[in-house]
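Chemist: please find the sequence and the predicted model below.
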Amino acid sequence: MTFGFAPSSAASLSASTDPSAASVTPPARMLEPAEWAAAGIPLLRSPRDVVNGLHVLHRPRPATAVVAVLDPEERLCASASFVRRSAPADGWMFRNALLAQLRRVIPHDLRRRTPVRTAVLLYCREGDARWTEEDGAWMWGLRDACTLHGLRCGAYITLTRDGWQVLGEGRGGRRPHADSAPEGQDEAVVRPLPRTGGTASDVMRRVAAR
């Protein structure tokens, strides 16, 4: 996959309002596309199903992050969504936000010698599908949060008005996208991810983790 580069939305805003913003150092806690590609992130067998399912459950709009935990069969164990704080992109802050959501919805797997479950991140944002420094900060945050919660680090997916894209894999689609209509008004038929039984699924049925 060929990665383009675009400045993060936060950096673009700063540059337009602060003449000194050009001297601001890029966030240190971030992963470049090459680093992410070399990290051995497991491929999703059916990324379209994962994206469609999370879109049905959370209906993300720009600046919304959806973190989901999948079992080895790629079934949804738990998920949560939250709105990104209006602050400069920082992998450490993103790590803390993701870790807080994971702790809310699913027990850690730190007692396992090898991670079994995988966390993936869907981030809905403005702009086009090119990699940004903000994406790099989310990648860093996802990888670190997974380590601290005993999970495998899975795919990072962006959702823009152009559609969705699994960064680093070259796979994507036009629907759903950041402006997709609510369920029942979409032209496409969307199939949610299957849920497993157990405590995590019971929690997700009772609580809309937004």
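Modeler: Nice, thanks for sending it over.

Chemist: report the rounded mean pLDDT for stretch 48-67.
Modeler: Stretch 48-67 shows an average pLDDT of 96 in the prediction.

Chemist: just use 110 as the starting number from now, easier for me
Modeler: New numbering, starting at 110: the last item is stretch 157-176.

Chemist: mind exporting the C-alpha coordinates of that stretch to CSV?
Modeler: As requested, the backbone C-alpha atoms of stretch 157-176 are provided in CSV (Å, rounded to 0.1, in the frame of the first residue of the first chain):
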residue,chain,number,x,y,z
ARG,A,157,-15.8,-5.2,5.9
ASP,A,158,-17.9,-7.1,8.4
VAL,A,159,-15.9,-5.7,11.3
VAL,A,160,-16.4,-2.1,10.1
ASN,A,161,-20.1,-2.6,9.3
GLY,A,162,-20.8,-4.2,12.6
LEU,A,163,-19.1,-1.4,14.6
HIS,A,164,-20.8,1.2,12.5
VAL,A,165,-24.2,-0.3,13.3
LEU,A,166,-23.5,-0.4,17.0
HIS,A,167,-21.9,3.0,17.5
ARG,A,168,-22.8,5.3,14.6
PRO,A,169,-19.5,7.2,14.8
ARG,A,170,-19.2,10.8,13.7
PRO,A,171,-16.0,12.7,13.1
ALA,A,172,-13.7,12.8,16.2
THR,A,173,-15.3,9.5,17.5
ALA,A,174,-13.1,6.5,18.3
VAL,A,175,-14.5,3.0,18.6
VAL,A,176,-12.3,0.4,20.3
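
Chemist: this structure: helices as residue ranges?
Modeler: Under the criterion DSSP state H, the chain contains helices at 118-126, 142-146, 156-167, 200-214, 242-258, 308-315.

Chemist: just name the most buried of the ones you listed.
Modeler: helix 242-258 (a mean of 24; mean count of other Cβ atoms under 10 Å). C-betas here are computed from N, CA, C, even on glycine.

Chemist: just give me the residue right at the centre of this structure.
Modeler: Geometric centre of the chain, nearest residue: Leu230, 2.1 Å, by Cα atoms, centre = their mean.

Chemist: dump the helices of the chain into JSON lines; add distance to Pro224 as well.
Modeler: Converted to JSON lines, the helices of the chain look like this (distance: least, Cβ to Cβ, whole Å):
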{"stretch": "helix 118-126", "distance to Pro224": "31"}
{"stretch": "helix 142-146", "distance to Pro224": "18"}
{"stretch": "helix 156-167", "distance to Pro224": "18"}
{"stretch": "helix 200-214", "distance to Pro224": "13"}
{"stretch": "helix 242-258", "distance to Pro224": "8"}
{"stretch": "helix 308-315", "distance to Pro224": "16"}
